[in-house]
Structure formats: structure tokens, C-alpha cells
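**Q** missing the sequence, but the structure's below:
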């Protein structure tokens, strides 16, 4: 068996041990899950999970840790290669970006999640990341405003599509895939039915 087949088989085996969604989660269902703090019910589809696990394995082969990779991916840290393992890593003591600038503790970044859960169409999954500190309530509020502004700007280009709502949560430790970097999940909802809510959770 070649390495690609072996990797695919391993990923499929890993997926079979996890809970999976066969239908997308609606906004109403997601809200119920979050209000009840049943974070383990936020799931991916089988295809999403296969792609996610394969992605993590590729990172693990090349990087010392997922956290090292995310410091580069999210914050633009520069990286080096360990001469013994051949893996990439971040020198956190230097905290330098690829252009040589110092990355400050408390820097925040808002990005779409590369591997969202299995949601209905119109639901977007964002992550608010913070380097070296915990995300604050004020930073969550500002991030929601940024998402809301972006979605409303997009609405001008997508006739009939309306911003509806936002919700956020922080996963407890046992559900965090990257515990070394504090981050908050934000979901946004757009619908084409013209219904719109002004309240932000």
C-alpha cells in the first residue's frame, strides 16, 4: 500500500471513532446547543471530518505542533527548522513576524474558520484569536461589529441576502483543538427571506 492510501485509510479509521452529522445544523438547533452548553454536539459531516483530520496530519508531519503552525498561519510569526527533527517551529521568545516586526502580546486576529462544523447554508463560522492573553468581552463585541459590517457590505453585492444574527461561544478545555492560543468562536447568519433581527447575542 502506498503512503497516500495508508494516510487515507488512517483518516477514515479516525473518523469512524468520532460522532458525525448527517444533516446540517440549523441556526435554531445551534442556538439550543450553545444555550444548553452541549458543545460536544457541534459536529462535522463525514467529509468535513476526513478533510480536517488529513489536514492536521499534514501539519503534524511538518510542524513541531499545531500551535506553532497557527502562530504562523494566524499572526504571521516567522519560523525556523529544527536541525534534528526537520520540523518547523516558532521561536516564541523572539515573537517576530516574517517581515521582522515584533508581534505584541494581546494582538488579535479575526478569521473565517478553515474547518467549520456542519451548518446550514447562510451560517458562517469565524474565530477570534488572541496571542499571549485571553480574549476580552470588549474584543468580542468589536469582532462582532466587524463581522456585521462585512456582512452588510456584502449584502449590497448579493441582492436579497440579509444579515440576521450573531452568536459566540468559547469551547471548554476538553473541546479545544488548539489550547495554547485563546480563541472565541463567532457564528453569523444571513438569510434570503428578508427577516432581520437587530439583537446581538
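**A** Perfect, I can see it now. It should be emphasised that the depicted structure is a prediction, and the values quoted were computed from it without experimental measurement.

**Q** out of all of them, which helix in this protein is the longest?
**A** Longest helix in the chain, counting residues (DSSP state H): helix 137-155.

**Q** Show me the contact partners of that helix.
**A** The contact list for helix 137-155, computed with CB atoms under 8 Å, 6 or more residues apart in numbering, reads 108, 110, 124, 126, 128, 130, 161-163, 166, 168, 184, 186, 188, 190, 200. Where C-beta positions appear, they are placed from N, C-alpha and C, glycine not excepted.

**Q** For the next helix or strand along the chain from that helix, which helices and strands make contact with it?
**A** Using DSSP states H and E, the helix or strand that directly follows helix 137-155 along the chain is strand 162-169. Contact partners of strand 162-169 among helices and strands, from 3 or more CB pairs under 8 Å, 6 or more residues apart in numbering; DSSP states H and E: helix 27-35, helix 137-155, strand 182-191.

**Q** Strand 162-169 vs strand 182-191, what angle?
**A** 160 degrees (axes from the mean of the first three to the mean of the last three CA atoms, to 10 degrees).

**Q** and strand 162-169, which strands flank it?
**A** Using DSSP bridges, strand 162-169 pairs in its sheet with strand 182-191 (antiparallel).

**Q** What average pLDDT does the strand it pairs with get?
**A** Per-residue pLDDT values over strand 182-191 give a mean of 95.

**Q** any residues touching that strand, and which ones?
**A** Contacts of strand 182-191 (CB under 8 Å, 6+ apart): 27, 30, 110, 113, 119, 122-130, 133-135, 140, 143-144, 147-148, 151, 155, 161-171.

**Q** circling back to that earlier point, quick one: buried ones out of the contacts of helix 137-155?
**A** Neighbour counting over the contacts of helix 137-155 (16 or more other CB atoms under 10 Å) leaves 108, 110, 124, 126, 128, 130, 161-163, 166, 168, 184, 186, 188, 190 as the buried ones.

**Q** Please read off the pLDDT at residue 161 from the model.
**A** 62.

**Q** Which of the helices and strands packed on strand 162-169 comes out lowest on mean pLDDT?
**A** The lowest average pLDDT among those, as it happens, falls on helix 137-155, at a mean of 91.

**Q** What angle do strand 162-169 and it make with each other?
**A** Using the same axes, to 10 degrees: helix 137-155 against strand 162-169 is 160 degrees.

**Q** thinking again about what came up before, can you check which of the helices and strands packed on strand 162-169 gets nearest to residue 176?
**A** strand 182-191 (8.1 Å; CB to CB).

**Q** Now tell me which helix or strand of the protein has the poorest mean pLDDT.
**A** helix 3-16 (a mean of 48; mean pLDDT, DSSP states H and E).

**Q** Quick check: the gap between residue 182 and residue 18.
**A** According to CB to CB, to the nearest Å, residue 182 and residue 18 sit 24 Å apart.

**Q** Tell me which of these two has more neighbours.
**A** Set side by side, residue 182 and residue 18 show more neighbours around residue 182, with 18 against 12, by other CB atoms under 10 Å.

**Q** The more buried one bridge partners, please.
**A** Per DSSP bridges, residues listed as beta-bridge partners of residue 182: residue 130.
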